[in-house]
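Trainee: Give the three-dimensional model of this entry:
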Amino acid sequence: MNINIDQLKKKIIYRSNYRGTKEMDKLLGAFTKKYIDELDNKDLFDLEKLLNIDDDNLYKFFKNQKTDIVFEDNHINLLFKKFKYVDK
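Mentor: You can find the predicted model right below:
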């Protein structure tokens, strides 16, 4: 399978900014903007998987609350959990 990394990044950036809830648009948009150019291919695919999770579970995961799903132990999920969001 031939994956164009630039296309994947564009897809991730779009998906992170257009979630459905304004709060998650801001949180995930800021997270993606901060890290997208530092990520390797595996991390980009893990970020894409993270973005496919519903907003409610993502927000609960971010806030260390009980979720309906089990999140993988990977670099992206750890970065997301430790991310400090500052609303501008």
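
Trainee: which regions of the chain sit below the pLDDT cut-off?
Mentor: The chain contains residues with pLDDT under 70 at 1-2, 88.

Trainee: where along it do the helices fall?
Mentor: Ranges of helices in the chain, per DSSP state H, are 5-17, 22-35, 41-51, 55-62, 75-82.

Trainee: Reformat these as TSV; add distance to residue 69 and mean neighbour count.
Mentor: (Each C-beta comes from the backbone N, C-alpha and C, glycine too.) Below are these laid out as TSV (distance: least, CB to CB, whole Å; neighbours: other CB atoms under 10 Å):
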stretch	distance to residue 69	mean neighbour count
helix 5-17	18	14
helix 22-35	16	17
helix 41-51	11	17
helix 55-62	5	17
helix 75-82	12	16
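
Trainee: right, and those - which one's nearest residue 68?
Mentor: Nearest to residue 68 among the helices of the chain is helix 55-62 (5.7 Å), distances taken as CB to CB.

Trainee: neighbouring contacts of that closest one?
Mentor: Residues outside helix 55-62 that contact it (CB atoms under 8 Å, 6 or more residues apart in numbering): 19-21, 23-24, 27-28, 50, 53, 66-69, 71, 77, 80-81, 83.

Trainee: rerun at 7 Å
Mentor: Contacting residues not belonging to helix 55-62 are listed as 19-21, 24, 27, 66-69, 71, 80-81 [CB atoms under 7 Å, 6 or more residues apart in numbering].

Trainee: and stretch 62-78, how far apart are its ends?
Mentor: Start to finish, the residues bounding stretch 62-78 are 10 Å apart (CA to CA, to the nearest Å).

Trainee: before we move on, back to that, and which of the contacts of helix 55-62 is nearest residue 42?
Mentor: Among the contacts of helix 55-62, and counting by CB to CB, the member closest to residue 42 is residue 80, at 15.1 Å.

Trainee: Just give the nearest non-adjacent residue to the closest one, would you?
Mentor: Among residues not flanking residue 80 along the chain, residue 31 sits closest, at 6.0 Å (CB to CB, 6 or more residues apart in numbering).

Trainee: Kindly tell me how buried residue 69 is, as a neighbour count.
Mentor: Residue 69 has 11 neighbours, counted by other CB atoms under 10 Å.
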